[in-house]
Structures are given as structure tokens and as C-alpha cells.
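Novice: Give me a model of this one.
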Amino acid sequence: MTEIKKLSELTEEQLNQSLDVFVEGFYNVFSSITKDKKKMHRIFKHSFDYTRTYACLQDEEVVGFLGLADSQGRALKLNRDVFLEEIGDGFQGKIIFKSVNAAMSKLNVVSPQEVYIDFIATSLTNRSKGIGAQLIAFVRDTLGCKTIELEVFSKNPRAKKFYEREGFKVVSEKRDVMMMLQGFGKRIVMRLEAE
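Specialist: I've put the predicted structure just below:
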């Protein structure tokens, strides 16, 4: 049986599984902060808004992760103390924190009828098995939003094709020098009209 629950509703073991799915799915993006997955796990465990983040479970095992933003907030706000404890509280750690937190706390949604997918990932063993489609359907069918937006990197054509199959259309492209320097390409903004 498949079900989708808020992180706030999970057992400690399921919460850790959710964080593992997130870290594996976004390791390349956040590896500029640290390459240590355990540190990454601790940083994000204390930074997610557990009411805006969800896990997809199959037979009580976490197989997918979803983080949403709306006009009131984002799925992630870095915990400064935990971040600096893990990365280092020197000048470099503080600069990295300020930069990443600024990018992650900027609201992408202005209307209460819009939802922005901050993060979506599936476990390595469950990729290409319909979990991502179930998470998109959950957002589209249960949250009462009119539009759903997300961003995908141009160097990830597989993800872009998946979103197109789910009905998303490209609405714009953004140049992000830092992401381009890291090899991710442009940020492609995609939108799905949910109604």
C-alpha cells in the first residue's frame, strides 16, 4: 500500500529514511556545502519545515520525498546553529550559510492558489517506478492549488521529460552563474495548470 504523509507524522526511522532519500536525490546540488552525507543529513533534519515536506511510503518504507512552498513559506529554512556546527563557524561557513539560506528562503509563490515544488526525489531502488508521478498527482489532486511550478536544470533532460509527461510546460529559463559553474546548466521554470 502506498501513502503520502507529512514528515511530522513519521516515525523516527521513517524520518531518517526520508532524509536519506533527499540527500541521495540532491547530493550533487548540495555537495558544494559538504561532501559528507552524514553532515548533510544532520543539517537538513533540523532545517525542513515538517508541515511542508512529505514522504511517499510503500509498506511503511519511504520511497519518495516531496518539499513544497506556498505564499506563506518554503520547505526549507536552514538552522544556522546546526549548519555552522556541521560546516564550521568561521568566515567561510558563515558566508556559505548566508548564501544558501538567502536562496532557499526567497518566496517563489505569491498567490494562495499556487504551489511550488522545492524538492522531489525518489529512492535509488524506486526510480522509474511511478513514485514521482504519485507525488505530482498528490500535489495536483489533494492540495487545491490552481498552478504548480518547479525548476529543473537544463543538464537534467531526463527529469525535464518526466515533468513534460506529467503535463508541465516550460515558462522561462534563468541563468544562475553558480549553478552553471557547477555544471548544472540553466534553471528551467516549468508550470502545470492543475485545474
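
Novice: Check whether residue 152 really touches residue 160, as I assumed.
Specialist: Yes - when contacts are counted by C-beta atoms under 8 Å, residue 152 is listed as touching residue 160 (5.0 Å). Quick note: C-beta positions are derived from backbone N, CA and C, even for glycine.

Novice: okay, and the common contacts of those two?
Specialist: Listed as contacting both residue 152 and residue 160 by C-beta atoms under 8 Å, 6 or more residues apart in numbering are 188, 190.

Novice: and residue 167, helix, strand or coil?
Specialist: Taken by DSSP: H, G, I helix; E, B strand; the rest coil, the conformation at residue 167 corresponds to coil.

Novice: And for it, nearest residue in space, chain neighbours not counted?
Specialist: residue 192 (5.1 Å; C-beta to C-beta, 6 or more residues apart in numbering).

Novice: List the contacts of that neighbour.
Specialist: Residues near residue 192 by C-beta under 8 Å, 6+ apart: 136, 140, 147, 148, 149, 163, 166, 167, 168, 169.

Novice: how about 10 Å then?
Specialist: The contact partners of residue 192, by C-beta atoms under 10 Å, 6 or more residues apart in numbering, come to 115, 117, 136, 139-140, 145-150, 163, 166-169.

Novice: Tell me which entries of these lie within helices.
Specialist: Of those, the ones assigned to helices by DSSP state H are 136, 139, 140, 163.

Novice: how near is the last one to residue 188?
Specialist: When distances are taken as C-beta to C-beta, to the nearest Å, residue 163 and residue 188 turn out to be 9 Å apart.

Novice: swap in residue 64?
Specialist: Counting by C-beta to C-beta - residue 64 and residue 188 are separated by 22 Å.

Novice: The two: which is more packed in?
Specialist: A count of neighbours by other C-beta atoms under 10 Å puts residue 64 above the other of residue 64 and residue 188, at 28 against 21.

Novice: coming back round to it: just want to know which of residue 152 and residue 160 has more residues nearby.
Specialist: Between residue 152 and residue 160, residue 152 has the larger neighbour count (other C-beta under 10 Å), namely 25 against 17.

Novice: how about the more buried one, secondary structure?
Specialist: strand.

Novice: contacting residues for it?
Specialist: 117, 120, 158-164, 168, 170, 184-190.
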